[in-house]
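> this one's sequence-less:
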Ligand SMILES: Cc1ncc(COP(=O)(O)O)c(C=O)c1O
Ligand SMILES: Cc1ncc(COP(=O)(O)O)c(C=O)c1O
């Protein structure tokens, strides 16, 4: 049976065109961009050409884009780099309680070891941050606000432009983790009004291990990785030339296809949501009904645990994801679902399906059918289901 | 005219077998190792399998190897991670004045922002660190010694095992930057007696943007990149699965071919050194006459500047490198050559040739011939050459 | 590998796919209920005892793959055993019978042991009355 | 691209490959020497002057590609100029005539200007005597 991959928020396959674009840079054009002979300079030219492409896609200038080793490094660089370069101005950072671990753990590190105070703003039941809350949280010690563009678990898209107004008014730097949005929905740094923005290639059909950080011109930031003079002294280490070329190719493809594809995915998304809600009792949609990523479906299925659904789906060659504790080593359910105020059983019973380029309506229908079967079977062995029937 | 690439210390082409090994992981087996469905777990199994291979090659255990985004990140991780985890024990680090920028700049950062004191040990005229100097530099505040295995510019191989004796006696952690040695000469963590060791894939015919840090079991180290639970919580970020597979394939090839290849390269190296010394007056070998990497040739050519030689070589399709200021944006000649005590003119007149898999004796002979011609021409326009002749 | 995540043994997957003894026993001689929704695992274990020998065991479980597999395994292991023998079944024994569990999943075997103990104690306290 | 590093213009490479006016002038009317080995660039510039017009200019240079190209260019630019006109040749003019220089190489054009100024001053101080 063909595999149905519905976990595109975790990672995406590199597009064949991306791989094709990368290949020459492994063996033929393998020069080191730091070398001064033409062979190295050719690699440099290639990197600079694609830097312009990446920058253009988000409305930035070439010199505002720094390539990194992934989205996590971009987030670390943004937060630690800004914290370090601006600690003379203040030691307060504002973020949200639903950020990716790359932001949350970095904030915790800055609290633990950097003398910083971090405010983790709550979200409403849909996962939305209230811009007023951001405004209220700002103090004269605040140096940075970091609010993700869209959440990787529940797909909720934040009102970044509204938030940025308050942040800019206060003269504070604004970072957004756009790992889940760039290449999927339009992202423009000026329209969003942000100063720093994180990108990861493998979330948009590019290669793993490459990302980028947009840094608005004039922003004081300390390097995160120290060493050579690469990336104009901002990120040391021999450039991952094939990876960078791959990221750019992925962005080029997104530029061409994103508009149509987002529409197509949103249809599939709504079909899946409707299918699940209609075919199963006691299922709730997590996240916002329409302010959500075109490819994200996140539901809680009462009375059954997420990992056991996932394993059963896996046995039928369907790949999905869960916020259940059982899928993490921390034994805590997803911090995002908890921040929504979900009761623990519902957090444990969550399933995330994230659609992508190759998914079809038939696949969506099949998933609904298969999952209904699985849930019926698992509920039959669930003590919670029995109790719920008794209670009615 | 065919290109003669003699800059393998800067970077190497990925071996075709390496690219072949990576390819399936871009598109087919693109799963995220953190996912719990079998598709993701397959990627995880692949990563764990190759981790064992990488570890085995340097005499380490699987769980002692953490994959990184390159050699620079490995160096940053080692130094910052150890500094942060051990600052309660002391704030002194010992390194050398000829380390790669990835180590030196990280040390400078720790001095500037981390409250650390760093001793940069001198080297002798061959670039050797005196183990006695290391011993003398140790204080009761010393928490880490970092001495590179072999230098990337002059190829000098340090007496790591002798140094490690003193370091271990004092109960201090020992890091070595082995970016230039792993895959080229035998490296065994127990024989060298080291606790941390940096590797970079693109220096051994692997892909750019991947590396590894060996961390001896039981070593307290703080993460450098914060975020998800990847690499057992030590290095966050979605694993660069194709890159990791590529590194491992490169190591597998090195395991098979390194012994023979090192002998072959050492012959070529000596042929090149001899050719240059015999065909040109006023040429000096930099680095150690025999304690040097099998592929490294570094000479100073009196009365001419390095970049102008490099450009002329480039015009004849020969790729080399120089320690001249003119090749850097700092306008200072190589810190390594200065540490050897070279007068500035000689540092500016240095040329590095680093041999690799595809180089032949014919190429070496051609380089000697071409360089002789170039030097003669450049000396004819050099005011220093004229003066030297007058002086005689 | 194709039929289950690498971290679960074939035996675990086999019990997960075809759990034995799912259900309840009406008027059981002993019932144990352990776990809670907060931590994501709830197990109910029912036993029927005849002449000091456990003749039947059933379970209902809300939980992950390992929780379901350990429930299934422990009900299998306990059948035909005396109360005394059953009391000696440790979580390690359950995990071993399943060909091992990933370390983060060992707590599921602990839960299975506790569910069994709790059912046995229920039986013992009832039979004392 | 194939005939020179990206950062050097074609014009720079052309002058680097075929530098004009290499050499010394015997009994020159003016000589300038600037730079030093520590910073990696030394330029010597010789001029012959006839009736207030520079009729010949030659150079010897130890330095990078840009140093050689600017030396070559400045000797070309100065020929046929009056002393007054020559004194007005700025480093920018030299760099521009070469189709621009990478910013880290602008100091080479400064050196060329200085070498020229120094040769002109040498001439002027000699002619005053
Ligand atoms: C919102 C968000 N931020 C950051 C990351 C980290 O990116 P990467 O996997 O490239 O390290 C991810 C994905 O893992 C993500 O979804
Ligand atoms: C000795 C040494 N250390 C560290 C590095 C940095 O490795 P990477 O280029 O993978 O960042 C290099 C090469 O650039 C090197 O030669």
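Looks like it came in fine. No experiment lies behind these values; they were computed from the predicted model shown. Ligands and ions are numbered 1, 2, ... in the order given.
> Neighbours of residue 24, how many?
No chain was given, so I picked chain A. For residue A:24, the neighbour count with other CB atoms under 10 Å in any protein chain shown is 14. The way it works is simple: take the backbone N, C-alpha and C, and place the C-beta from them, glycine included.
> think we crossed wires, I meant chain C
The burial count assigned to residue C:24 is 13, neighbours taken as other CB under 10 Å.
> you'd agree it is up against residue C:45?
No - using CB atoms under 8 Å as the test, residue C:24 is too far from residue C:45 to be in contact (10.1 Å).
> Identify the contacts common to these two.
In terms of CB atoms under 8 Å, 6 or more residues apart in numbering or on different chains, residue C:24 and residue C:45 are both contacted by the residues residue C:58.
> Next, residue A:196: phi, psi?
Here is the backbone geometry of residue A:196 (degrees, to the nearest 10): phi -140, psi 140.
> ok, so what distance separates it from residue A:102?
13 Å (CB to CB, to the nearest Å).
> Check residue A:355 too.
Distance from residue A:355 to residue A:102, counting by CB to CB: 23 Å.
> now do residue A:384
Using CB to CB, we find residue A:384 at a distance of 34 Å from residue A:102.
> more neighbours, the two?
Neighbours per residue (other CB under 10 Å) separate residue A:384 from residue A:102, with residue A:102 holding more: 29 against 19.
> Would you confirm that the more buried one contacts residue A:71?
Yes - judged on CB under 8 Å, residue A:102 makes contact with residue A:71 at a distance of 6.4 Å.
> shared neighbours, these two?
A:177, A:198, B:237.
> so of the residues you listed, which ones are in strands?
A:177, A:198 (DSSP state E).
> Within reach of chain D, which of the shared contacts of residue A:102 and residue A:71 are there?
Within the set of these, contact with chain D (CB under 8 Å from any CB of the partner chain) is found for no member.
> Mind putting the shared contacts of residue A:102 and residue A:71 into TSV with pLDDT and neighbour count?
Formatted as TSV, the entries for those read as follows, by pLDDT from 0 to 100; neighbours: other CB atoms under 10 Å in any protein chain shown:
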residue	pLDDT	neighbour count
A:177	98	29
A:198	98	31
B:237	95	28
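> from the shared contacts of residue A:102 and residue A:71, which is closest to residue A:37?
Proximity of the shared contacts of residue A:102 and residue A:71 to residue A:37 (CB to CB) peaks at residue B:237, which lies at 32.8 Å.
> By residue count, which helix of chain C is the longest?
helix C:106-128 (DSSP state H).
> can that helix be found next to chain A?
Yes - Helix C:106-128 lies within reach of chain A by CB under 8 Å from any CB, at residue C:107.
> Buried residues, that helix. List them.
Along helix C:106-128, these residues count as buried under the neighbour rule (16 or more other CB atoms under 10 Å in any protein chain shown): C:106-120, C:122-123.
> same check, this time on stretch A:163-174
Applying a neighbour-count criterion of 16+ other CB under 10 Å, the buried positions in stretch A:163-174 are A:163-164, A:166-167, A:172-174.
> out of these, which are inside strands?
Judged by DSSP E, the buried residues of stretch A:163-174 include A:173-174 as members of strands.
> would JSON lines of the buried residues of stretch A:163-174 with pLDDT and distance to residue B:254 be doable?
Formatted as JSON lines, the entries for the buried residues of stretch A:163-174 read as follows, by pLDDT from 0 to 100; distance: CB to CB, whole Å:
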{"residue": "A:163", "pLDDT": "98", "distance to residue B:254": "51"}
{"residue": "A:164", "pLDDT": "98", "distance to residue B:254": "50"}
{"residue": "A:166", "pLDDT": "98", "distance to residue B:254": "55"}
{"residue": "A:167", "pLDDT": "98", "distance to residue B:254": "51"}
{"residue": "A:172", "pLDDT": "98", "distance to residue B:254": "50"}
{"residue": "A:173", "pLDDT": "98", "distance to residue B:254": "45"}
{"residue": "A:174", "pLDDT": "98", "distance to residue B:254": "46"}
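> any idea which of the buried residues of stretch A:163-174 is the one closest to chain C?
Compare each of the buried residues of stretch A:163-174 with chain C using CB to the nearest CB and the shortest gap goes to residue A:163, at 32.8 Å.
> What segments of the chain are strands?
This is for chain A. Counting by DSSP E, the strands of chain A are A:4-5, A:65-68, A:92-96, A:117-121, A:142-146, A:173-177, A:196-200, A:211-215, A:283-285, A:296-301, A:318-319, A:350-354.
> That was the other one, I meant chain C.
In chain order, chain C shows strands spanning C:30-36, C:41-50, C:53-62, with DSSP E as the criterion.
> closest to chain D out of the ones you listed?
Ranking these by proximity to chain D (CB to the nearest CB) places strand C:41-50 first, at 61.3 Å.
> and the closest one, what's its mean pLDDT?
Here strand C:41-50 scores 96 as its mean pLDDT.
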